[in-house]
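Visitor: below: sequence and its predicted model.
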Amino acid sequence: MNIFAEIRTLITTTLDQMVREGSLPEGLNFDPITAEPPRDAAHGDMATNAAMVLAKPAGMKPRDIAETLAARLTDDPRITSAEVAGPGFLNLRLAPAVWQSIAKTVLDVGTSFGRGGLGQGQRVNVEYVSANPTGPLHVGHTRGAVFGDALASLLDFAGFDVTREYYINDGGAQVDVLARSVYLRYQEAHDLSVDWPEGSYPGDYLIEVGEDLKAKVGDIYLDQGEDVWLEEVRNFATEKMMDLIRADLKSLGVQMDVFYSEKSLYGSGRIEAALDDLKNKGLIYEGVLEPPKGKKPEDWEPREQTLFRSTAHGDDVDRPVMKSDGGWTYFAPDIAYHYDKVQRGFDMLIDVFGADHGGYVKRMKAAVSALSDGKVPLDIKLTQLVKLFKNGEPFKMSKRAGTFVTLRDVVDQVGPDVTRFVMLTRKNDAMLDFDFDKVLEQSRENPVFYVQYAHARVASVLRKAAEAGIATDDATLAAADLGLLSHESELGVLRKLAEWPRLVETAARSNEPHRVAFYLYELAGDFHGLWNKGNEVPSLRFLQDGDVATSQAKIALARATAIVIAAGLGILGVEPAEEMR
């Protein structure tokens with residue numbers, strides 16, 4: 001039940017009737033019409049822009065349209081008043097019964113309340129994390145992992161068929177560096193002294209990998225050249241690092257559907273096939289690019305290259321796909337990988353990149369547009385940096401990692417639930433401060449505690465009701481006399497619950513799972529406000545001595561709140577709390 005969608009339908013149906021009666025001209029476009037919560041709750045329960053968006057195409061004054069529409073809308077029993085404001089906005093107030101029925105709906109359908117048909121089963125590929133397999137995941141990867149996983153869950157909740165995918169960057173020079181670093185640890189495992197060259201990976205996490213390699217092959221690689229051991233050590237090390245990365249993701253509650261190897265593209269003909277597809281569309285050519293911005297012509301050596309005409313699909317410049325030595329650029333396998341996604345039949349692609357990949361956005365969108373003939377949209381979400389603090393100071397790097405704070409460092413400090421929720425308390429492209437002390441505080445300033453505490457409070461009400469012999473199963477609560485929920489604070493919580501289906505749709509349309517975290521904080525605030533008023537006004541307490549009917553109505557509201565909180569936390573990948581410790 002999406003009451004906002006229902007009232008919007010009422011508005012457009014009424015406008016259709018006005019067209020048929022001649023009050024409005026034919027041919028009007030109702031698509032831009034909205035029914036949404038007003039910016040100021042004092043103005044009513046909903047506001048619609050119908051008169052404002054129709055005035056110009058209808059050749060009428062917006063207030064004239066609004067006044068006629070208002071008179072018609074109040075004929076519906078759900079609408080108690082419709083007031084014209086300003087130049088022609090229309091503010092609506094709904095009957096209390098509309099809001100009271102929300103609790104019954106939530107109790108009837110459970111955590112499926114808010115699940116929508118927006119996606120209509122469309123297939124969506126969400127690629128996220130995709131870290132180089134050269135070490136444990138760091139805190140930047142943590143944010144991308146949480147964001148991507150929550151986005152995938154949000155889209156699933158909104159009715160899309162979602163595939164979670166990790167692209168293993170195992171085809172570049174960095175895996176050779178990894179292999180050489182593991183070889184040094186292998187030598188150390190044989191009690192040999194080694195020198196670590198600049199650019200290698202000296203983190204302690206490779207000590208065990210070196211020992212495992214020794215256990216597997218003994219001493220056969222000692223005193224041997226790279227031509228003997230490099231390929232096998234590279235494969236061995238990559239597999240070990242992916243085991244580590246999978247374990248890191250599991251500790252955060254992230255599970256991928258697909259792990260796709262970049263290396264599998266090489267020698268398979270898939271890169272050539274993708275570029276042939278572009279070539280057949282006239283988008284691959286031999287040419288010379290202009291000097292990059294900021295480069296003087298004398299500092300730039302012009303040379304003919306194999307280029308993708310990405311400017312034909314919205315990019316700023318055309319992009320090289322082959323190096324002068326005949327090897328592929330980094331962009332070429334990325335084109336092939338996305339070509340493979342298109343060939344797999346996805347209706348929409350989403351890539352989650354770190355902020356340092358911002359320069360890659362236009363070229364990847366151009367590539368997917370060209371490969372799919374504009375039929376498959378690609379949305380690229382950039383996640384900004386995370387700044388870690390503890391005891392008022394920046395959190396130091398991990399000794400085990402050697403150069404950075406790992407995902408495990410964060411999860412070990414505060415747990416997966418807190419980590420996930422806090423990572424979604426800012427929009428993905430905004431910088432995030434993660435203070436280990438503050439995220440564990442038991443206060444309103446700590447959003448994850450504030451939301452969890454609301455759910456735990458409901459659980460405590462249910463336990464006390466059970467002790468008092470009051471039935472609190474969902475079916476019984478759904479049958480309670482919800483008309484007893486008449487106080488403005490109770491109706492306020494019901495109004496917030498009614499926003500949930502609309503919020504899910506809005507967040508899914510914009511690929512913004514942080515909106516769920518924001519909503520849960522607001523819902524928790526409304527619930528805590530009602531709870532606190534009960535300390536002052538006994539009639540607002542959830543358990544009313546000697547009055548089972550009223551108690552059950554109030555418990556129904558609390559239980560409905562807990563259901564929506566649980567659904568929202570489920571999208572974020574957070575377990576709802578039954579009690580606070």
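Guide: On my side now, so go ahead.

Visitor: let me know whether residue 58 touches residue 65 as I believe.
Guide: Yes: between residue 58 and residue 65 there is a contact at 6.7 Å, judged by CB atoms under 8 Å. C-beta coordinates here come from the backbone N, C-alpha and C atoms, glycine included.

Visitor: quickly list what's touching both of these two.
Guide: Common contacts of residue 58 and residue 65 (CB atoms under 8 Å, 6 or more residues apart in numbering): residue 24.

Visitor: which of these two has more neighbours?
Guide: Neighbour totals were compared for residue 58 and residue 65, and residue 65 leads with 24 against 20 (other CB atoms under 10 Å).

Visitor: element containing that one, please.
Guide: Residue 65 belongs to helix 62-73 when assigned by DSSP states H and E.

Visitor: which neighbouring elements make contact with that helix?
Guide: Where contact means 3 or more CB pairs under 8 Å, 6 or more residues apart in numbering; DSSP states H and E, helix 62-73 is packed against helix 3-21, helix 50-58, strand 79-85, strand 89-94.

Visitor: kindly compare burial across those and name the winner.
Guide: strand 89-94 (a mean of 22; mean count of other CB atoms under 10 Å).

Visitor: which secondary structure element of the chain has the lowest mean pLDDT?
Guide: In the chain, no helix or strand scores lower on mean pLDDT, DSSP states H and E than strand 393-394, which sits at a mean of 87.

Visitor: and the pLDDT for residue 117?
Guide: pLDDT for residue 117: 85.

Visitor: isn't there a helix covering it?
Guide: No: per DSSP: H, G, I helix; E, B strand; the rest coil, residue 117 lies outside any helix segment and is coil.

Visitor: quick check, it in contact with residue 159.
Guide: Yes: Residue 117 is within contact range of residue 159, at 4.9 Å (criterion: CB under 8 Å).

Visitor: of these two, who's got more company?
Guide: Legend: neighbour count by other CB under 10 Å for residue 117 and residue 159, higher for residue 159 (18 against 9).

Visitor: do you know the pLDDT at that one?
Guide: Each residue has a pLDDT score; the one for residue 159 is 97.

Visitor: I figured it hits residue 114, correct?
Guide: No: the criterion here is CB under 8 Å, and residue 159 misses it with residue 114 at 10.9 Å.

Visitor: how about the residue nearest the centre of the chain: what's its closest non-neighbour residue?
Guide: The centroid of the chain falls nearest to residue 151 when counting by CA atoms, centre = their mean (2.7 Å). Excluding the flanking residues, the one nearest residue 151 by CB to CB, 6 or more residues apart in numbering is residue 513, at 4.9 Å.

Visitor: list the contacts of the one you found.
Guide: By CB under 8 Å, 6+ apart, the contact set of residue 513 is 147, 150, 151, 153, 154, 424, 507, 571, 572.

Visitor: phi, psi of it?
Guide: Main-chain torsions, residue 513, degrees, to the nearest 10: phi -70, psi -20.

Visitor: and what of residue 127?
Guide: phi -100, psi 130.

Visitor: which residues does it bridge with?
Guide: residue 165, residue 351 (DSSP bridges).

Visitor: neighbours of it, how many?
Guide: Close neighbours of residue 127, defined as other CB under 10 Å, add up to 24.

Visitor: for it, give me the pLDDT.
Guide: 98.

Visitor: measure it to residue 344 for me?
Guide: Counting by CB to CB, to the nearest Å, the gap from residue 127 to residue 344 is 12 Å.

Visitor: then residue 562?
Guide: The gap separating residue 562 from residue 344 is 39 Å, by CB to CB.

Visitor: which SSE is residue 460 in?
Guide: In this structure, residue 460 sits in helix 447-467 according to DSSP H and E.

Visitor: how about residue 353?
Guide: According to DSSP H and E, residue 353 maps onto strand 348-354.

Visitor: quick one: average confidence on the helix or strand following that strand?
Guide: The C-terminal neighbour of strand 348-354 among helices and strands, as given by DSSP H and E, is helix 361-371. Summarised as a single mean, pLDDT over helix 361-371 is 98.

Visitor: after helix 361-371 comes which helix or strand?
Guide: Scanning onward from helix 361-371 (DSSP H and E), the first element met is strand 378-383.

Visitor: what helix or strand is the residue in the chain sticking out farthest from the centre located in?
Guide: In terms of distance from the mean C-alpha position of the chain, residue 223 ranks first, at 49.7 Å (CA atoms, centre = their mean). Using DSSP H and E, residue 223 sits within no helix or strand.

Visitor: any idea of the pLDDT on it?
Guide: On pLDDT, residue 223 comes in at 92.

Visitor: quick revisit: what sits up against the strand holding residue 353?
Guide: So strand 348-354 is in contact with 122-129, 140, 144, 147-148, 151, 160, 338, 341-342, 360-361, 364, 368, 376-383, 428, 511, going by CB under 8 Å, 6+ apart.

Visitor: redo that, cut-off 6 Å
Guide: Applying CB atoms under 6 Å, 6 or more residues apart in numbering, the contact partners of strand 348-354 are 124-128, 140, 144, 147-148, 341, 377-383.

Visitor: now do that strand and helix 361-371, the angle between them.
Guide: Per axes from the mean of the first three to the mean of the last three CA atoms, to 10 degrees, the angle that strand 348-354 makes with helix 361-371 is 160 degrees.

Visitor: now strand 348-354 - C-alpha only, CSV.
Guide: C-alpha atoms of strand 348-354 as CSV (Å, rounded to 0.1, in the frame of the first residue of the first chain):
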residue,chain,number,x,y,z
MET,A,348,20.7,-2.0,-16.5
LEU,A,349,24.3,-1.9,-15.2
ILE,A,350,25.6,-0.2,-12.1
ASP,A,351,29.3,0.2,-11.3
VAL,A,352,30.5,1.3,-7.8
PHE,A,353,33.9,3.0,-8.1
GLY,A,354,36.2,4.8,-5.6
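
Visitor: check the offset of it from the chain's centre.
Guide: Relative to its parent chain, strand 348-354 has a centroid offset of 11 Å by CA atoms, centre = their mean, to the nearest Å.

Visitor: likewise stretch 457-470?
Guide: Centroid separation for stretch 457-470 versus its chain: 34 Å, with CA atoms, centre = their mean.

Visitor: repeat that for stretch 232-240.
Guide: The answer for stretch 232-240 is 32 Å, by CA atoms, centre = their mean.

Visitor: cool, and stretch 472-486?
Guide: Centroid displacement of stretch 472-486 relative to its chain, using CA atoms, centre = their mean, is 34 Å.

Visitor: ok, now how distant is the residue lying closest to residue 427 once chain neighbours are set aside from residue 157?
Guide: Spatial nearest neighbour of residue 427, excluding adjacent residues (CB to CB, 6+ apart): residue 514 at 5.3 Å. To residue 157, residue 514 is 15 Å away according to CB to CB.

Visitor: where does this protein have low pLDDT?
Guide: Judged against pLDDT under 70, the low-scoring parts of the chain cover residues 294-299, 397-403.

Visitor: domain parsing for it?
Guide: For the chain, the structural domains run 3-94, 100-109+444-572, 173-251, going by automatic domain parsing.

Visitor: distance to residue 280 added to the ones you listed, as JSON lines?
Guide: Shown next, in JSON lines, are these (distance: least, CB to CB, whole Å):
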{"stretch": "domain 3-94", "distance to residue 280": "37"}
{"stretch": "domain 100-109+444-572", "distance to residue 280": "32"}
{"stretch": "domain 173-251", "distance to residue 280": "31"}
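
Visitor: which of those is buried the deepest?
Guide: It is domain 100-109+444-572: most buried of the domains of the chain by mean count of other CB under 10 Å, with a mean of 19.

Visitor: what's the burial count for residue 332?
Guide: Applying other CB under 10 Å, we find 23 other residues in the vicinity of residue 332.

Visitor: phi and psi next, for residue 255.
Guide: Dihedral angles (degrees, to the nearest 10) for residue 255: phi -130, psi 120.

Visitor: what is the helix or strand hosting residue 275 packed up against?
Guide: Taking DSSP H and E as the criterion, residue 275 maps to helix 270-280. On a contact count with 3 or more CB pairs under 6 Å, 6 or more residues apart in numbering; DSSP states H and E, helix 270-280 meets helix 331-343.
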